[in-house]
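In: I need the structure of the sequence given here:
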Amino acid sequence: MKKKIHKIKSYVLAHKIISIIVLIAILGAGYWGYKKITNAAGDTRYLTAKVEKGTIVSSISGSGQVSTVNEVEVKAKVSGDVLYLASKNGQRIGTGGLIVQLDDKDIQKSIRDAELNLESAKISFDKFKIQNSDENLQADLAKAYDDGFNTVSNVFLDLPGIMTGLNDMFFKIYPGTSQWTVDWYAGQAGKDDQYKATTLKENFVDSYNKAKKSYDANFDTYKTISRTSDNATIEALVIQTYNTAKLVSDVIKNANNYIDFVNDSIQKNNFDSLAIITTHKATLNTYTSKTNTHLVNLLGVTTNIKSYKDAFPNTELDTQSENLSIKQKENTLQDLKDKLPDYFIRAPFAGTISVVNIKKGDSVSSGTAVATLVTNTQIAEISLNEVDVAKVKIGQKTTLTFDAISDLTISGVVADMDAVGTVSQGVVTYIVKISFDTQDERIKPAMSVSANIITDTKKDVLIVPNSAVKSQGGKSYVEMLKGSPAVSVDGLDDSISKVVLKRIPVEIGLVSDTQSEIILGLKEGDEIVTRTILSSSAKTTTAPSIFGSSTPKNNNVKIQGR
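Out: Numbering: from 1, shown residues only. Down below sits the predicted model:
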């Protein structure tokens, strides 16, 4: 009996131990799971997308009713003289039938000019690509360095003689005296001019010493370098030689000023100019001419080297600019070609011409009603504000939906629009008439209708989500991740990026509700930031509990986008 009781107690003890272990495991799992949920709350996450090529469609929306009126004025979209009148009063006409032809000789000329401009731009671009190929740029840069070494060599054909000549001219004993010539000159000035002469002498001597020091170092460097030295060495030599030549030029200028002052002082005291002054002035003028020529040449090769070096990083931007110029000319040409059909005024739908308002030879303006068309085709009258109606043109395609017929969507075309708006409580609205491409017996007069008018479409263009485009100071830009890509943390679904963002200026073209066309600044495949997720401490999450309750924890995720 005692053994049995002991055995039962052992089972109970074992059961309690197991329960405690299970409890600890559950608590541990809850803790680590809770930690996993709340961990890394302070990190920033980025959503990205690649720049793609595709089609972008811009449209505007409006609402109205199915019209009970079946009469529409057919209006000219462009100005011109009536060349041919194809229809008359009472004539039946089909969809697209010609009513009036306007003289199109001016736009034909504009198209030819645009074609020539486009061809010229393409030729210029081809020349640019040849001139700015890597091979040609490398060749130009190599020639610039070679020219630089040749120019330095020419400088050192003259500079040693100039420095020796200046030394002999001023720093040798003047005949019949115990003075250097530079000191003798100061003594020739009048008594009242001695101080100024001494000051000019000291300026000259100081400049000579600086130039001599620079020249000695420069000449030593030149003797160790050949035209086969690396580009950086040759470039440094060119710059060093240019600086030395400037110092030597300053010495010659100071020498001229010194001698001229002494000569003026001698003449002021009624003495004749000394012959040595004339000789020295002639020599100094020769030195001035030589140093000026060398300075111009050295500056020229320095500028050339910099220009050719800068050409490498600028080539990509210049290429984008040339491509943009061609694209703009292509767009100009296409816009002109798109206008050409407007000189042929056609019926937007089948019907009967009730009135023709013009005759051959008349001049009509854009918006002039040339005829009135009566039709059995159903028409929707849509109300648009003054901002939207400015984007609408006759002939634009539309999509129509009906509140009363939820499963019906039909296409249509803009047939007419008000020339003058209606003002109500300070708001200006215009009525746009849209003809239906398809007739459906379920559509009744006065039914509510919604229209989506396609105002522009572009194919095969670079497009990005609207949320990626930001602006500041009137300039648009997108952001890219600069550095290593984002990495997953603790198995979470999003990712944490330790990188910084860089701004890329862009030029925006057509914009739809969700996408923007990129004209300049990006290329296909570039990865850009579309959304930034900032973590803070406001969102409440729940940690699991074995006691049927939960512990709140703040871990808010704020999504920031455009």
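
In: per-residue confidence averaged over the helix or strand harbouring residue 142?
Out: Residue 142 belongs to helix 134-170 when elements are defined using DSSP states H and E. Averaging pLDDT along helix 134-170 gives 88.

In: what's that helix packed up against?
Out: Judged by 3 or more C-beta pairs under 8 Å, 6 or more residues apart in numbering; DSSP states H and E, the packing partners of helix 134-170 are helix 181-188, helix 194-224, helix 231-268, helix 275-339. (Glycine included, C-beta is placed from N, CA and C.)

In: buried set for that helix?
Out: 137, 141, 144-145, 147-149, 151-152, 155-156, 158-159, 162-163, 165-166, 169-170 (16 or more other C-beta atoms under 10 Å).

In: And stretch 272-290, by the same measure?
Out: 276, 277, 280, 281, 283, 284, 287, 288, 290.

In: Then stretch 451-459?
Out: For stretch 451-459, a neighbour-count test (16+ other C-beta under 10 Å) marks 451, 453, 455, 456, 458 as buried.

In: Looking at strand pairing, list the partners for the last one.
Out: When bridges are taken as DSSP bridges, the partners of residue 458 come out as residue 56.

In: Roughly how far does it sit from residue 525?
Out: To residue 525, residue 458 is 19 Å away according to C-beta to C-beta, to the nearest Å.

In: Then the third one?
Out: Look at residue 455 and residue 525: by C-beta to C-beta, they are 29 Å apart.

In: low pLDDT regions in the stretch 451-562 of the chain?
Out: Low-confidence segments of the stretch 451-562 of the chain, defined by pLDDT under 70: 483-499, 535-562.

In: rerun at 80
Out: For the stretch 451-562 of the chain, the stretches with pLDDT under 80 are 482-500, 533-562.

In: Tell me which stretches of it form strands.
Out: Taking DSSP state E, counting those that start in this stretch, the strands of the stretch 451-562 of the chain run over residues 470-472, 475-482, 487-488, 495-496, 500-511, 515-520, 527-535, 540-543, 551-554, 557-560.

In: same for the first one, what does it pack against?
Out: Here strand 470-472 touches strand 475-482, going by 3+ C-beta pairs under 8 Å, 6+ apart.

In: circling back: take the helices and strands packed on helix 134-170 and write them to CSV, including mean pLDDT and distance to residue 517.
Out: Converted to CSV, those look like this (pLDDT from 0 to 100; distance: least, C-beta to C-beta, whole Å):
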stretch, mean pLDDT, distance to residue 517
helix 181-188, 92, 74
helix 194-224, 94, 56
helix 231-268, 93, 42
helix 275-339, 85, 11
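
In: Kindly present the ones you listed as a markdown table, with separate columns for distance to residue 478.
Out: Output for those, formatted as a markdown table (distance: least, C-beta to C-beta, whole Å):
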| stretch | distance to residue 478 |
| --- | --- |
| helix 181-188 | 67 |
| helix 194-224 | 48 |
| helix 231-268 | 36 |
| helix 275-339 | 15 |
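
In: how about these, which one is nearest residue 395?
Out: With C-beta to C-beta as the measure, helix 275-339 is the member of those nearest residue 395 (10.3 Å).

In: Within its sheet, name the partner strands of the helix or strand following that closest one and how each one runs.
Out: Where DSSP H and E defines the elements, the next helix or strand beyond helix 275-339 is strand 344-346. Looking at strand 344-346 with DSSP bridges, its partner strands are strand 98-102 (antiparallel).

In: Now the strand it pairs with: buried residues?
Out: Buried positions in strand 98-102, judged by neighbour count with 16+ other C-beta under 10 Å: 99, 100, 101, 102.

In: list the contacts for the nearest residue to residue 93 once chain neighbours are set aside?
Out: Residue nearest to residue 93 in three dimensions, not counting chain neighbours: residue 347, with 4.8 Å by C-beta to C-beta, 6 or more residues apart in numbering. The contact partners of residue 347, by C-beta atoms under 8 Å, 6 or more residues apart in numbering, come to 74, 93, 94, 95, 96, 97, 99, 373.

In: ok now do the first one, which residues does it touch?
Out: When you say that, I think you mean residue 74. For residue 74, the contact set (C-beta under 8 Å, 6+ apart) comprises 99, 345, 347, 348, 369, 370, 371, 372, 373, 416.

In: for the fourth one, helix, strand, or coil?
Out: Using DSSP: H, G, I helix; E, B strand; the rest coil, the structure places residue 348 in coil.

In: If I follow the layout properly, it ends up in contact with residue 396?
Out: No: using C-beta atoms under 8 Å, residue 348 makes no contact with residue 396, being 10.7 Å away.

In: Who has more neighbours out of those two?
Out: Neighbour tally, residue 348 and residue 396, criterion other C-beta atoms under 10 Å: the higher count belongs to residue 348, 25 against 18.
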